[in-house]
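# Next one to model:
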Amino acid sequence: MTLRVLIFSALYLATLPVHRDHSTERVIQVHALADAIVEHHGDEDPWILAALAVKETMATTTKVGRLKECGAMQVMHWHLRGPGWSCAYLQTPEGSVRAAVQSIKQWRDWPGRPADVDPWWCYASGNSCSGKRATRRLFSWRADLKRLAGAPL
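Here you go, the predicted structure:
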């Protein structure tokens, strides 16, 4: 099976308990998110991005949080470098994935980040850089998704 099919299967199965009906619209949304993860993950682990989407929004691309974080990955668009980032764009599968990749890259490149702090701590904990527990949950979701999809751990 291709990575795209594995990630789609994992996202679909992981969100099934929450989205019981899995209407055609929902299946299309999950499929588009899996496509975006495979196409735009850059140097990041696509399984981590899939886990992030499940952890943050149960893979709902149109979600807007109470702090105005947007998309499946719940990124705050005003924190991203460069033009073109808007909440509307982050609410698309491609925008959400590209924003998450950009955000983690910004954490990796941040000169003020202590050397012993994993950039995923900063991202997964809501920008506080104290997210060991949040990061452990994220990596646990990653393992769960790979198990659901039948991918090698």
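
# Now R137: closest residue in space that isn't a chain neighbour?
K55 (6.5 Å; C-beta to C-beta, 6 or more residues apart in numbering). (C-beta placed from N, C-alpha, C; glycine too.)

# tell me what the helix or strand where that neighbour lies is packed against?
Assigned by DSSP states H and E, K55 belongs to helix 46-57. If contacts are counted by 3 or more C-beta pairs under 8 Å, 6 or more residues apart in numbering; DSSP states H and E, helix 46-57 sits against helix 3-15, helix 24-40, helix 93-109, helix 119-124, helix 132-149.

# can you list those in CSV and add mean neighbour count, mean pLDDT and distance to T62?
Formatted as CSV, those follow (neighbours: other C-beta atoms under 10 Å; pLDDT from 0 to 100; distance: least, C-beta to C-beta, whole Å):
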stretch, mean neighbour count, mean pLDDT, distance to T62
helix 3-15, 20, 91, 14
helix 24-40, 19, 92, 8
helix 93-109, 21, 94, 10
helix 119-124, 22, 81, 21
helix 132-149, 16, 88, 21
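
# can those go into CSV with extra columns for distance to V75?
As requested, the helices and strands packed on helix 46-57 are exported to CSV (distance: least, C-beta to C-beta, whole Å):
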stretch, distance to V75
helix 3-15, 18
helix 24-40, 13
helix 93-109, 4
helix 119-124, 9
helix 132-149, 15
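
# returning to that earlier point: mind checking how far the residue nearest to R137 is from S23?
Separation of K55 from S23 (C-beta to C-beta, to the nearest Å) stands at 23 Å.

# Compare these two and say which one has the larger neighbour count.
For K55 versus S23, neighbours defined as other C-beta atoms under 10 Å are more numerous around K55 (19 against 10).

# quick one, what contacts that one?
The contact partners of K55, by C-beta atoms under 8 Å, 6 or more residues apart in numbering, come to 124, 137-138, 141.

# from these, which is closest to R147?
W141 (10.6 Å; C-beta to C-beta).

# tell me the contacts of that closest one?
14, 51-52, 54-55.

# Swap in 6 Å and give it another go.
51, 54-55 (C-beta atoms under 6 Å, 6 or more residues apart in numbering).

# one step back: pull out the C-alpha coordinates of the helix holding K55 and format them as CSV.
This file holds the C-alpha atoms of helix 46-57, laid out as CSV (Å, rounded to 0.1, in the frame of the first residue of the first chain):
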residue,chain,number,x,y,z
PRO,A,46,4.1,12.5,7.7
TRP,A,47,2.9,10.3,10.5
ILE,A,48,3.6,13.0,13.0
LEU,A,49,1.5,15.5,10.9
ALA,A,50,-1.3,12.9,10.8
ALA,A,51,-1.1,12.5,14.5
LEU,A,52,-1.2,16.2,15.0
ALA,A,53,-4.3,16.5,12.9
VAL,A,54,-6.0,13.8,15.0
LYS,A,55,-4.8,15.2,18.3
GLU,A,56,-5.8,18.8,17.5
THR,A,57,-9.1,18.4,15.6
